[in-house]
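Enquirer: predicted model and sequence follow; I will ask about them next.
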Amino acid sequence: MKEIVIISGKGGTGKTSVTASFAVLAGKNAIIADCDVDAADMHILMRPDYEKNEKFFSGELAVILQEDCIQCGKCEDVCRFDAIDVKNGKYTVNPLSCEGCGYCSKVCPTDTIINIDLNVGNWFISNIRTGR
């Protein structure tokens with residue numbers, strides 16, 4: 001299998017346009033992935049039909065089950081990402097700061113903290129507008 005990777009740290013250099021051109025030239029046996037974290041925009045050029053669409057899970061997030069929390073504060077003490085705060089007298093997890101490491105759940109004496117899988121987007125299998 002041959003692999004071509006088009007990468008640049010600079011936006012606006014034509015990565016998507018070049019990749020889309022290769023997709024058309026390669027035909028229906030090629031697998032093309034737009035892995036741009038901030039602006040995966042190849043779909044604008046290719047007009048895919050989204051034949052298959054599934055959720056994509058990656059990483060975990062700590063969740064504190066408030067009804068069982070005894071407010072001991074051990075979770076906040078061990079969180080090296082400062083993701084656990086006290087709001088209105090309750091310990092809460094800031095989802096933007098939580099790295100899902102699970103340390104807080106390990107030290108919780110009442111097993112009140114669980115980690116859930118994060119749905120971070122969708123992945124698609126599609127046919128493109130050229131019919132390939």
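Expert: Ah, there it is. Numbering: from 1, shown residues only.
Enquirer: strands of this structure, start to end?
Expert: For the chain, strands defined by DSSP state E occupy the ranges 52-64, 84-87, 90-93, 113-125.
Enquirer: of those, which stretch is the most buried?
Expert: Ranked by mean neighbour count, those are led by strand 90-93 with a mean of 18 (mean count of other Cβ atoms under 10 Å). Where you see a C-beta, it was placed from the backbone N, CA and C, and this is true even at glycine.
Enquirer: quick one, what contacts the residue nearest to Ile128 when sequence neighbours are not counted?
Expert: Once flanking residues are discounted, Ile128 sits nearest to Met46: 4.2 Å by Cβ to Cβ, 6 or more residues apart in numbering. By Cβ atoms under 8 Å, 6 or more residues apart in numbering, the residues touching Met46 are 20, 23, 126, 128-129.
Enquirer: please identify the buried residues of the lengthiest helix in the chain?
Expert: The longest helix of the chain (DSSP state H) is helix 15-26. Of all the residues in helix 15-26, those buried under the rule 16 or more other Cβ atoms under 10 Å are 15-16, 19-20, 23.
Enquirer: pLDDT averaged over that helix - what is it?
Expert: Confidence over helix 15-26 (mean pLDDT, whole number) is 87.
Enquirer: tell me which other helices or strands it touches.
Expert: Packed against helix 15-26 by the contact rule (3 or more Cβ pairs under 8 Å, 6 or more residues apart in numbering; DSSP states H and E) you find helix 42-46.
Enquirer: buried ones in the helix it packs on?
Expert: 42, 45-46.
Enquirer: roughly how far is stretch 13-27 from the heart of the chain?
Expert: 24 Å (Cα atoms, centre = their mean, to the nearest Å).
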